Each structure stands twice: as C-alpha cells, then as structure tokens.
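>>> My questions concern the predicted model and sequence given below.
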Amino acid sequence: MKDIFRLGTILFVICAVASLMLSLTNNITAPVIEQRNIQANNESRQEVLQAAEEFSEVKDVKGELIEEVYQGTKGGEVVGYTIKTTPKGYGGKVEVMVGISNDGKISGVKIGNHSETPGLGSKSEEPAFKDQYNGKSADKPLMVVKGKVSNENEIAAISGATITSNAVTSGVNAAMNVYKEQLLNDGESKETAEISTDPITKIFDNAELKEIKGKSEGIVTAVYEAYNGNEKVGYIFETEPNGYDSKTEVVVGISTDGTVKGLGLGEKTRKNEYLSNTFDTGLKHQIEGKKVDEISLVQGEASKDNEVQAVSGATITSKSVVEGVNSAIDLFKEINNGTGE
C-alpha cells in the first residue's frame, strides 16, 4: 500500500513539474512566435504592395473569406490595400495575401500558410502560378481554365491541382470584391451594413421582391418578380438541381430584356467551400450576361454564345449549375409566353 502511495506521489510530482515546464516554455515562446507572425505578415504586405512604406489596419471591413485588410500609404498618401483571405484548398485553409493598387489592379499575390499537396497544390507558391494575377483589373472577376488562357480574366490551373487553383482564385476574387464594394470610395470604407450578401436580394441591388405563387415547377422551388419602384426589372428563380452528393441551391436572376443578370448559391450550398470555389471561379461569370437561350456545357473551350466550359475536375457540379439555370430560363420564357422578351 505504501509503495502504491509512493509511486502515485512520484507520478504526481513528475506531471506537475512537466506541466510547469510546458507553461513556462509557452510563456517564453508565445511572444516570440507572435512577433515572427507579425513580421511575416508585414513582409507579405510589403511584397504584394511594394509602393507602400507604411501599413495601417482598416477596421470593420467584412466579407466572405476575408481575414484582414490593411491600407498602404507613402508620404501620407494612400497607394493601395492589402487583403488577406483564407479560402479552402485541397488540404485545408490557404492563406492568400492580395495587394491592390490605387489604379484598381492587382499588384501582387503571396501564398502564406497552407497544407496543400507537395509537388501539386504547393506549386501555388511558385511565380509561374501566382504571378498570373499581377496586373489583372479588379473590375472583372477571375476564372480558372485548364490549359492556355485566351481571355484577360482567365487563370491557367496548376496541372493536377484544380482544387488549389480554384481556391486561390476564389481568395483573390473575394479580395477584389471587398476592394470594389467597401474600399473604392476615396480611401474610405463604405458602410458594410449596406452591402447585401443574400444572392436573392443582391442580384437586383436590393430591389423589392414579390413572390409569384403557384409558378414553381420541377427543380424551380420559388419565383419572384423584382421591382425598382413601380418598374418590373426582372425575375429571381430559386432552383435545386441534383449535385454531386446533395441538392445544389442555384439562384438565377433574369432581367426583363432576357439577360441572365446574376447567379448565386443558396446558404446551405455556399457552406460547401469546394463547390463555392468551383462556382465562383469557373461558372458564375461565364453564364452572367448571356441571353435566355438554352445553355450547353462543353468540356473544351466554349466557342458559341450559349456554351459554358465545364470546370476541370467538377463536371457534376458544372452540370447541376447549368441545369438550374436552364430550368430558370425555361420558366422565364413560359411566363413571358415563350418569347423571352
């Protein structure tokens, strides 16, 4: 009995000493680690916005994937912003630091902490990939394509790492959106409360929506008329086509002139970051602006006005989004007596 008590006392003392040592070690190293992180972030900001001499944090800027926003100045004048985003890649979160200069162009992109596959997704750190973003205008969202690029807003995917390519591009697009919507106002942040994140209200800039009862059919679950004052400006269609492992909530806005005004993902679907990245960087901006003709999905480069290139490695998701859009187009034509006008 005495031996058991003695052994227990020894173990208690050992554990207490070990805990004390770990606590002391943490107290010593935590400030050093924090300082190194601050230094690394400062170096990243300087790398992506080289024109700046000083940086100050911009508070109350909110947006999807946004971690931090800093204003860069030189001689007291604003020269641009650095925006850190954290999209989800193949192995987890990817830190993407984006610099945007005062002329509305990307001045640099740097990849920070990540867990992407060595030799594949890790190539996102290399100049051959990340330097593609340099000089791109923040006016037009970027999209990922397989193979050679043919348009100014296209980014060539890393071979064998489409998920990482989409993730990084999604992070850059998120930074561009924050710049346009909240920072592009003589260097002052706009009121974040005025910016809608709900795709149903965002597509027609917070127009008044009136649901049309009894019009939903098939995968179209709800239909709304959009009004600016007394003028009807278009329709919103909520659709739920079958996706890879569940329903894909696709919101489609069509203006009265028969143009796809905007696309969005429903709240549940938006939580799937892989699908969101695919949608944001490969599908959304191909479809927006098209006339209400049936859209065809193609594997290669789109060569006709009604064609959309499937996202490499996400064919099922691409099909589900196009199915949702085509269902909305069909119902739009039916509502307008088949004319699309």
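That came in fine, so what should we check first?
>>> All the strands of the protein, in order from the start?
According to DSSP state E, the chain carries its strands in the segments 54-57, 66-74, 77-85, 96-101, 106-111, 143-145, 154-156, 208-211, 220-228, 231-239, 250-255, 260-265, 296-298, 307-309.
>>> Need the winner for burial among those strands.
strand 96-101 (a mean of 27; mean count of other C-beta atoms under 10 Å). In this view, the C-beta of every residue, glycine as well, is placed from N, C-alpha and C.
>>> Check which helices and strands it is in contact with.
helix 2-48, strand 77-85, strand 106-111, helix 162-178 (3 or more C-beta pairs under 8 Å, 6 or more residues apart in numbering; DSSP states H and E).
>>> residue contacts, residue 139?
For residue 139, the contacting residues are 104, 180, by C-beta atoms under 8 Å, 6 or more residues apart in numbering.
>>> Revised request: answer the last question for residue 243.
269, 275, 316-317, 320.
>>> before we move on, the earlier item: so for residue 328, which of the helices and strands packed on strand 96-101 sits nearest?
helix 162-178 (23.2 Å; C-beta to C-beta).
>>> got the strands of the chain as a markdown table, with distance to residue 119 and mean pLDDT columns?
Shown next, in a markdown table, are the strands of the chain (distance: least, C-beta to C-beta, whole Å; pLDDT from 0 to 100):
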| stretch | distance to residue 119 | mean pLDDT |
| --- | --- | --- |
| strand 54-57 | 34 | 93 |
| strand 66-74 | 27 | 95 |
| strand 77-85 | 24 | 96 |
| strand 96-101 | 20 | 97 |
| strand 106-111 | 15 | 97 |
| strand 143-145 | 19 | 88 |
| strand 154-156 | 18 | 93 |
| strand 208-211 | 49 | 93 |
| strand 220-228 | 44 | 95 |
| strand 231-239 | 39 | 95 |
| strand 250-255 | 35 | 96 |
| strand 260-265 | 32 | 93 |
| strand 296-298 | 30 | 86 |
| strand 307-309 | 27 | 85 |
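>>> which residues touch residue 200?
209, 224, 236, 238, 251, 264 are the contacts of residue 200 under C-beta under 8 Å, 6+ apart.
>>> Can I get those residues in TSV including distance to residue 111?
Shown next, in TSV, are the contacts of residue 200 (distance: C-beta to C-beta, whole Å):
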residue	distance to residue 111
209	40
224	40
236	37
238	36
251	31
264	28
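>>> of these, closest to residue 94?
residue 264 (23.2 Å).
>>> do you know how far that closest one is from residue 58?
From residue 264 across to residue 58, the span is 26 Å (C-beta to C-beta, to the nearest Å).
>>> show me the residues around the most centrally placed residue in the chain that make contact.
The chain has residue 170 as the residue nearest its centroid, 3.8 Å off, counting by C-alpha atoms, centre = their mean. Shown in contact with residue 170 (C-beta under 8 Å, 6+ apart): 65, 87, 276-277, 280-281.
>>> Okay, and which of these map to helices?
276-277 (DSSP state H).
>>> got the contacts of residue 170 as TSV, with pLDDT and distance to residue 154 columns?
Below are those laid out as TSV (pLDDT from 0 to 100; distance: C-beta to C-beta, whole Å):
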residue	pLDDT	distance to residue 154
65	91	21
87	94	18
276	86	19
277	85	16
280	85	14
281	82	10
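>>> now, the most widely separated pair of the contacts of residue 170?
65 and 281 (12.2 Å).
>>> ok, the two, which is more surrounded?
Ranked by neighbour count (other C-beta atoms under 10 Å), residue 65 and residue 281 place residue 281 first, with 29 against 25.
>>> Spatially, what comes nearest to that one if we skip its sequence neighbours?
residue 169 (4.3 Å; C-beta to C-beta, 6 or more residues apart in numbering).
>>> In contact with the one you found, which residues are there?
In this structure, residue 169 makes contact with 142-144, 155, 277, 280-281, judged by C-beta under 8 Å, 6+ apart.
>>> will you turn those residues into TSV that also has distance to residue 296?
Shown next, in TSV, are those (distance: C-beta to C-beta, whole Å):
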residue	distance to residue 296
142	23
143	18
144	20
155	23
277	23
280	21
281	20
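>>> Tell me the one among these nearest to residue 77.
After measuring the contacts of residue 169 against residue 77 - C-beta to C-beta - the closest member comes out as residue 142, at 28.0 Å.
>>> Just the pLDDT at the closest one, thanks.
For residue 142, the pLDDT comes out at 92.
>>> Show me the shaky parts of this protein.
1-3, 5, 8, 23-38, 185-197, 338-341 (pLDDT under 70).
>>> Residue 79 and residue 333, how far apart?
From residue 79 over to residue 333 (counting by C-beta to C-beta), the distance is 50 Å.
>>> again but with residue 142, I slipped
From residue 142 to residue 333 the distance is 32 Å (C-beta to C-beta).
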